[in-house]
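**Q** Please find the sequence and the predicted model below.
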Amino acid sequence: MEKQTLSFQAEVKQILHLVTHSLYSNKEIFLRELVSNASDACDKLRFEALNNAGLYEDAPNLDVRVSFDKAAKTITIRDNGIGLSAEEAVANLGTIARSGTREFMAKLEGDQKKDAQLIGQFGVGFYSGFIVADRITVESRRAGAKAEEGVRWSSDGSGDFEVETITKPTRGTDVILHLREGEEEFLSGWKLRSIISKYSDHISLPVLMQKEEWDPEKSEQIVKDEWAPINKAAALWTRSKSDITPEQYEEFYKQISYDTEAPLAYTHNRVEGRSEYTQLLYIPAKAPFDLWNRDKRGGVKLYVKRVFIMDDAEALMPVYLRFVKGVIDSADLPLNVSRELLQESRDVKAIREGSTKRVLSMLEGLANSEDEAERAKYAKFWKDFGSVLKEGVGEDHANQERLVKLFRFASTHADEGVSLADYVGRMKEGQEAIYYVTADTLAAAKNSPQLEIFRKKGIEVLLLTDRVDEWMLSHVYEFEGKPLQSVAKGAIDLGKLQDEAEKKQAEEAATAFKPVLDRLKEVLKDRAKDVRVTTRLVDSPACLVVEEGDISGHLARMLKQAGQSAPAQQPTLEVNAEHALVKRLDGSAHFDDLAHILFDQAVLAEGGHLEDPAAYVRRVNALLTA
């Protein structure tokens, strides 16, 4: 191939502009990214060589080498991994075939601090070299290809790149950074060693640099032609826990997750028994941008006998724990395991079950800790990940009971952090059910008219406002023998909590009010299944309820918003016979209008939308001017 000049994909041009003009915090991240890419290239060679040992050629020992040239102002990151063909160089270095690019650019263009750490989070780590370089040259040859089938790729990051065929005797890739003015601090062996030790100590193959010695005549360090490892070259998870510092655990997490913050919690264990494996699992401190994408693969890397097999091995963790990051290294799985085999393997099932229980134990440790700081960590976790954890009650029946105990809610007694155990511990004497109400927002739930009788009697009600709550309630029916009961379904029977005088008063009101109820049923026959005197309202004139077994109005609205059809059903209108507006119905010349206004107000009070807002306005205006 003669030298060709090609243009970057449009998204790459935008990213390169942002990288060279906007990213400035923590510039040293470029070396972490490029060393990580080099390590991945060696892992890929090791994996492909399982079926073709000839790919090792005459160099079976894999390593990454970092060098610098003060005179030329270059840094070179060299690996003897899988390498690139000319076609792969154009495809991999000129385009971005990964989702999330738009979110990445939006973050960099927003008001928040421009952080170089973001570059790794979105899979565009190679381009981080342009943070410190005004030109990058890549020389590569794919393992197994002829020496004359090497490729040179070069770009100044302005929008175009050049590619040509070269002769390269050794396989693998050299990434050569031509440093821009002002970045000379990186032309230092001490500086490069400190960065590699900080970010890449866990990499399981040696990262080498040339030794240096002091020349007293020149008063400077002289680079020797002798290479020595900088990192421990032992995978972090294979080392003893007593040999690993909390800082090293945190740095490893940042490396594999591209997160800027330390993890909320982690667990490191060697499991022996029917399946033998090592797990190093982390719970992030904040939710990723794609948390709600259930099709996103998990964040756990799979190794077999320390050989990297695949990123994002979703079979190792249930979907509702997709936020968990980490590494699982199995001693039992075959090295040629595929995603299809993972789905069917009994060993993988055992690993998945064991890892799930370990994550839940971590969360239980935080939630039930006597240390206030640990409980605060769990409150932070729940705020970011609680809605996702709730998905587990329908997916993981074996752990449903453990999950429910981890759930936290708002209630009429507290705006957040109420567990079902807390609720049961505060139940009134004689109370037989756990009461809840669902709504779109916390404010709507707090102000729901269905709560009035409960508030009057001091009975706590859970306020459920997550979109997943309605689905969750279809799987969770009771807790510690106490049924969960919606305050907006069926006729409220407070049992022992309602005294005989109140029951008698309600019965008398229903009898005395029967003529008005009959007329309301006739006027609203196309909108309400039934009209009855309420036992749950104190201050409001009316409210809507559905019968037990019917879907709630909140769920019906959510289905409609999602473009799905909800089952056809009519609610029941409950009216407060003691309210002035309801009393005005009896003998009113505007009975029909008042009836419809009562119904429409009840729809609005529960967060619903009127089918005919203009008719409601006309009726209200007519009464105001009567």
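**A** Nice, thanks for sending it over.
**Q** In the stretch 451-600 of the chain, where is pLDDT below threshold?
**A** 493, 495-500, 502, 558-559, 561-563, 565-566 (pLDDT under 70).
**Q** Please enumerate the helices of it.
**A** Under the criterion DSSP state H, counting those that start in this stretch, the stretch 451-600 of the chain carries helices at the ranges 452-457, 469-473, 500-512, 514-523, 553-561, 580-583, 591-605.
**Q** what about these, which gets the closest to Q9?
**A** helix 553-561 (35.5 Å; C-beta to C-beta). For the C-beta atoms, the positions are set from N, CA and C on the backbone; glycine is no exception.
**Q** phi, psi of P263?
**A** phi -70, psi 160 (degrees, to the nearest 10).
**Q** again, but for Y277
**A** phi -160, psi 160.
**Q** quick one, what contacts the spatially closest residue to it that is not a sequence neighbour?
**A** Spatial nearest neighbour of Y277, excluding adjacent residues (C-beta to C-beta, 6 or more residues apart in numbering): S330 at 4.5 Å. Contacts for S330 (C-beta atoms under 8 Å, 6 or more residues apart in numbering) come out as 275-277, 302-305, 347, 351.
**Q** still on that earlier bit, need the helices of the stretch 451-600 of the chain in CSV (columns: distance to K377 and mean neighbour count).
**A** Formatted as CSV, the helices of the stretch 451-600 of the chain follow (distance: least, C-beta to C-beta, whole Å; neighbours: other C-beta atoms under 10 Å):
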stretch, distance to K377, mean neighbour count
helix 452-457, 32, 16
helix 469-473, 23, 19
helix 500-512, 45, 12
helix 514-523, 53, 16
helix 553-561, 31, 18
helix 580-583, 49, 15
helix 591-605, 38, 19
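**Q** longest helix of this structure?
**A** helix 346-367 (DSSP state H).
**Q** so what does it touch, helix or strand wise?
**A** strand 265-271, strand 277-283, strand 325-330, helix 372-389, helix 400-406 (3 or more C-beta pairs under 8 Å, 6 or more residues apart in numbering; DSSP states H and E).
**Q** Of these, which is nearest S36?
**A** Closest to S36 of those, according to C-beta to C-beta: strand 325-330, at 14.0 Å.
**Q** Could you check how far the closest one is from the centre of its chain?
**A** Between the centre of strand 325-330 and the centre of its chain there are 18 Å (C-alpha atoms, centre = their mean, to the nearest Å).
**Q** what's the following helix or strand after that strand?
**A** Using DSSP states H and E, the helix or strand that follows strand 325-330 in sequence is helix 339-344.
**Q** Can you tell me what sits against that next one?
**A** 302, 310, 313, 315-316, 334, 348.
**Q** Looks like D440 contacts T465 (just checking).
**A** Yes. In this structure, D440 is within contact of T465 by C-beta atoms under 8 Å, at 6.8 Å.
**Q** Mind checking what secondary structure the closest residue to G159 other than its chain neighbours has?
**A** Excluding its sequence neighbours, the residue lying closest to G159 (C-beta to C-beta, 6+ apart) is K13, at 5.2 Å. What DSSP: H, G, I helix; E, B strand; the rest coil gives for K13 is helix.
**Q** Quick check: K13 touching D160?
**A** No. Counting by C-beta under 8 Å, K13 does not reach D160; the two are 9.3 Å apart.
**Q** list the residues that contact both of these two?
**A** Counting by C-beta under 8 Å, 6+ apart, the contacts common to K13 and D160 are S7.
**Q** list the contacts for the closest residue to A622 other than its chain neighbours?
**A** Using C-beta to C-beta, 6+ apart and skipping residues adjacent in sequence, the residue nearest A622 is D593, 6.3 Å away. Each residue near D593 by C-beta under 8 Å, 6+ apart is listed here: 619, 622-623.
**Q** go on, V35?
**A** 64, 66, 77, 196, 199-200, 203, 207.
**Q** Looking at those, spot the one nearest V582.
**A** Set against V582, the nearest of those by C-beta to C-beta is Y199 (70.0 Å).
**Q** give me every residue that touches that closest one.
**A** Shown in contact with Y199 (C-beta under 8 Å, 6+ apart): 28-29, 31-32, 35, 251, 254-255.
**Q** one more time with 10 Å, if that's ok
**A** Neighbour list for Y199: 28-29, 31-33, 35-36, 231, 251-252, 254-255 [criterion: C-beta atoms under 10 Å, 6 or more residues apart in numbering].
**Q** V163 too?
**A** 1-6, 86-87, 89-90, 93-94, 138, 151-155.
**Q** So which of those residues belong to strands?
**A** 4-6, 138, 151-155 (DSSP state E).
**Q** Give me the buried subset of these.
**A** The neighbour-count test (16 or more other C-beta atoms under 10 Å) marks 138, 151-155 as buried among these.
**Q** List the buried residues for the helix or strand where E162 lies?
**A** For E162, the host element (DSSP H and E) is strand 160-166. Judged by neighbour count using 16+ other C-beta under 10 Å, the buried positions of strand 160-166 are 161, 163.
**Q** ditto for stretch 139-151
**A** Neighbour count says stretch 139-151 has 139-145, 149-151 buried, by 16+ other C-beta under 10 Å.
**Q** Quick check: PyMOL command selecting the buried ones in the contacts of helix 339-344.
**A** Command for PyMOL that selects the buried part of the contacts of helix 339-344, burial taken from 16+ other C-beta under 10 Å:
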select buried, resi 302+310+313+315+316+348
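**Q** For Q505, find the nearest of the helices and strands packed on helix 346-367.
**A** Per C-beta to C-beta, nearest to Q505 of the helices and strands packed on helix 346-367: helix 400-406, 37.9 Å.
**Q** who does the closest one touch, helix- and strand-wise?
**A** If you count contacts as 3 or more C-beta pairs under 10 Å, 6 or more residues apart in numbering; DSSP states H and E, helix 400-406 packs onto helix 346-367, helix 372-389, helix 392-395, helix 420-425, strand 478-479.
**Q** 6 Å instead?
**A** With contacts defined as 3 or more C-beta pairs under 6 Å, 6 or more residues apart in numbering; DSSP states H and E, the packing partners of helix 400-406 are helix 346-367, helix 392-395.
**Q** which residues sit against it?
**A** 360, 363, 367, 392-393, 476 (C-beta atoms under 6 Å, 6 or more residues apart in numbering).
**Q** any idea how far A622 is from D592?
**A** Separation of D592 from A622 (C-beta to C-beta, to the nearest Å) stands at 11 Å.
**Q** re the thing from before, and the ones in strands among the contacts of V163 as TSV, adding pLDDT?
**A** Shown next, in TSV, are those (pLDDT from 0 to 100):
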residue	pLDDT
Q4	90
T5	89
L6	88
V138	96
V151	96
R152	96
W153	94
S154	95
S155	92
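**Q** The spatially most central residue of the chain: helix or strand, and which one exactly?
**A** Nearest to the mean C-alpha position of the chain, by C-alpha atoms, centre = their mean, lies L291 at 2.8 Å. Counting by DSSP H and E, no helix or strand carries L291.
**Q** how does the chain divide into domains?
**A** 4-229, 236-373, 397-496, 497-624 (automatic domain parsing).
**Q** sorry, back to before: turn the helices and strands packed on helix 346-367 into CSV, including mean pLDDT.
**A** Converted to CSV, those look like this (pLDDT from 0 to 100):
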stretch, mean pLDDT
strand 265-271, 95
strand 277-283, 95
strand 325-330, 92
helix 372-389, 94
helix 400-406, 96
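**Q** rewinding a little: out of the buried ones among the ones in strands among the contacts of V163, name the two that are farthest from one another.
**A** Taking C-beta to C-beta, the two most distant members of these are V151 and S155; they sit 13.3 Å apart.
**Q** could the contacts of helix 339-344 be laid out in a markdown table, adding pLDDT and secondary structure?
**A** Output for those, formatted as a markdown table (pLDDT from 0 to 100; DSSP: H, G, I helix; E, B strand; the rest coil):
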| residue | pLDDT | secondary structure |
| --- | --- | --- |
| L302 | 87 | strand |
| M310 | 78 | strand |
| A313 | 78 | coil |
| A315 | 85 | helix |
| L316 | 89 | helix |
| P334 | 80 | coil |
| V348 | 89 | helix |
